[in-house]
Structures are given as C-alpha cells and as structure tokens.
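Colleague: 3D, please:
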Amino acid sequence: MTTRPDLPTRPAAVLMTWADIAFVHWPVPVEILRPLIPHELELDLHHGVAWVGLIPFEMRDCRFRGVPPLPGLGRFLECNVRTYVRHRGIPGVWFFSLDAASRIAVIGGRVAWGLNYRLARFEHWKSEKSTRYALSRNRGDGSGHLDWTPGDVMPSPPPDSLEHFLVERYHLYSMRRGRLLRGRVDHSPWELRDARIDSMDTGIVTAAGIPIDGDPIAFCSKGVRVSGFSPVYADQPED
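Modeller: You can find the predicted model right below:
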C-alpha cells in the first residue's frame, strides 16, 4: 500500500480488502444528477461529462479499530451506486446507495459515516472465467444483478484518463445531521482488467432516480487492501 503525504495523522479506523470488484459506468446528463446531490458539492466532470457507477464487490478481512471480531462484519458482499463530486477542490465520491449483506455494517455505516447503507440479500458466484453478483433489498425497493467476464490486463491509466478519473478516488462525502462529512481511504493504485458484461439488471441504479441508457464501460480487478479513516466535517482540515 502506498503512503500519501495528505493522509490523516490519526490511525486508520478500519482495514479491509475490496475484492472481486467491477466498475461499471454510464454517462449521465448533469441536469439529472445535480438535484440528487447536496448543494454543498459540485459535480466532478471528465471533459464536461458526469458519470454514474455500479460497483459490486466483496468486503474481506475487515478489522475495525477498537472493535472485537463480530459475526458478519469481517466478510460480506456489497454493491454501490455512486457519482463523482468535489468540495473545495477535493475530488471524491458521493454514494446514492450502498447495499450490503451485513446488518452490523449497515447500521455502522449509517450511524458513524452518514452513508445510505441498505440491507440486502446477495448471491455471489464465480467460475474460472466469469463472476456474478445479484442482490435484492430486504425492503423490496431495489434489486439487480451483474455478470461479467474479465478481459485483458489494462496498462496503468494516466492521471488525465477517464479510467483514472473513475477508479482512483480517495475521499468520500456524506451528510450527517445536516452537515457535510468527508472520509478518507488509502490503497495502492488499482490493477485493472477490461470486463465484458454478459448480463445485467440495473434496477438499483434506476431506484436512485437515475435513468441510464446504452452500453456501459466496464473494468474489473481482483482487489486492493484499504485503510479507511473516520470522517471529519468537510469544512475542517484533516488531523
């Protein structure tokens, strides 16, 4: 894992691995996304285009600082719907939803991080050639699936590329009690492969009020080890 000069000085709150991950993205008109994010944030655009992503993965080897190992917290499935934002020049991620199979993770993410975690039932199937995630929210207000086949290894994307813009994100934003929070993560750069989408149901994207159309662009990765730092109010500096 890299050590970046802008990391907080406080210890990481959680160590985790994001594994068996896909990054599936569609361009979306700015006028659709703008009303869906807090006014404190600006949309982060790549060459004038806004993007929404569907990101399924497996959370593995989660270790929370000061918390003993708890059943269902160390390893679980998750799927995010997200877009890209900036606040005071700092690029980050805004999550429309974070579906997870762990009730403890859902409660913790909502209370401690102000994130829109949702409890869902998942299927995860993987063969030598392909991977499948499927989910259905416990409250019945969203479902979907994604099947993909990994392709060729991609070269490391340059900083100005769309691939870098979509995956190399080290801040997240959320709202808690009416105030904007900023969280920080650290990990090595993603090692990406092309991904061929074999089948998909994007119901949890449309459930967020985001219409999508056309074929997405897709990448995948075996994963990275991640350090996550507890959030701070976005109008305050990191400590």
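Colleague: low-scoring stretches of this protein, by residue?
Modeller: Low-confidence segments of the chain, defined by pLDDT under 70: 1-5.
Colleague: How are the strands of it distributed by residue range?
Modeller: Remark: strands assigned in the chain by DSSP state E are 14-28, 42-43, 50-64, 76-87, 90-100, 117-126, 131-137, 143-153, 171-176, 179-187, 193-201, 217-233.
Colleague: In a markdown table, list those strands along with mean neighbour count and distance to residue 6.
Modeller: The C-beta positions use only the backbone N, C-alpha and C, and glycine is treated the same way. Formatted as a markdown table, the strands of the chain follow (neighbours: other CB atoms under 10 Å; distance: least, CB to CB, whole Å):
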| stretch | mean neighbour count | distance to residue 6 |
| --- | --- | --- |
| strand 14-28 | 20 | 19 |
| strand 42-43 | 16 | 20 |
| strand 50-64 | 20 | 23 |
| strand 76-87 | 22 | 15 |
| strand 90-100 | 21 | 9 |
| strand 117-126 | 16 | 26 |
| strand 131-137 | 21 | 32 |
| strand 143-153 | 17 | 29 |
| strand 171-176 | 20 | 10 |
| strand 179-187 | 19 | 8 |
| strand 193-201 | 16 | 29 |
| strand 217-233 | 18 | 11 |
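Colleague: ok, for the residue positioned nearest the centre of the chain, nearest residue in space, not its chain neighbours?
Modeller: With distances taken as CA atoms, centre = their mean, residue 80 lies nearest the centre of the chain, 5.0 Å away. Closest residue in space to residue 80, ignoring its immediate chain neighbours: residue 55 at 4.4 Å, by CB to CB, 6 or more residues apart in numbering.
Colleague: doesn't residue 93 make contact with that neighbour?
Modeller: No: using CB atoms under 8 Å, residue 55 is not in contact with residue 93, being 9.4 Å away.
Colleague: Now do the shared contacts for the two.
Modeller: residue 82 (CB atoms under 8 Å, 6 or more residues apart in numbering).
Colleague: Compute the first-to-last residue distance for stretch 196-206.
Modeller: Separation of the first and last residues of stretch 196-206 by CA to CA, to the nearest Å is 21 Å.
Colleague: if we look at it, which residues are touching it?
Modeller: For stretch 196-206, using CB under 8 Å, 6+ apart, the contacting residues are 24, 26, 52, 54, 79, 81, 97, 99, 130, 134-135, 137, 142-149, 151, 212, 215-216, 218.
Colleague: about what we covered before: check contacts around the residue nearest to the centre of the chain.
Modeller: Contacts of residue 80 by CB under 8 Å, 6+ apart are 53-56, 95, 97-99.
Colleague: For it, list each beta-bridge partner.
Modeller: Beta bridges link residue 80 to residue 55, residue 98, judged by DSSP bridges.
Colleague: do the one 4 residues further on as well
Modeller: Under DSSP bridges, the beta-bridge partners of residue 84 are residue 93.
Colleague: Verify the contact between residue 54 and residue 146 for me.
Modeller: Yes: with contact defined as CB under 8 Å, residue 54 reaches residue 146; the gap is 6.7 Å.
Colleague: Pull up the overlap in contacts between these two.
Modeller: 22, 24.
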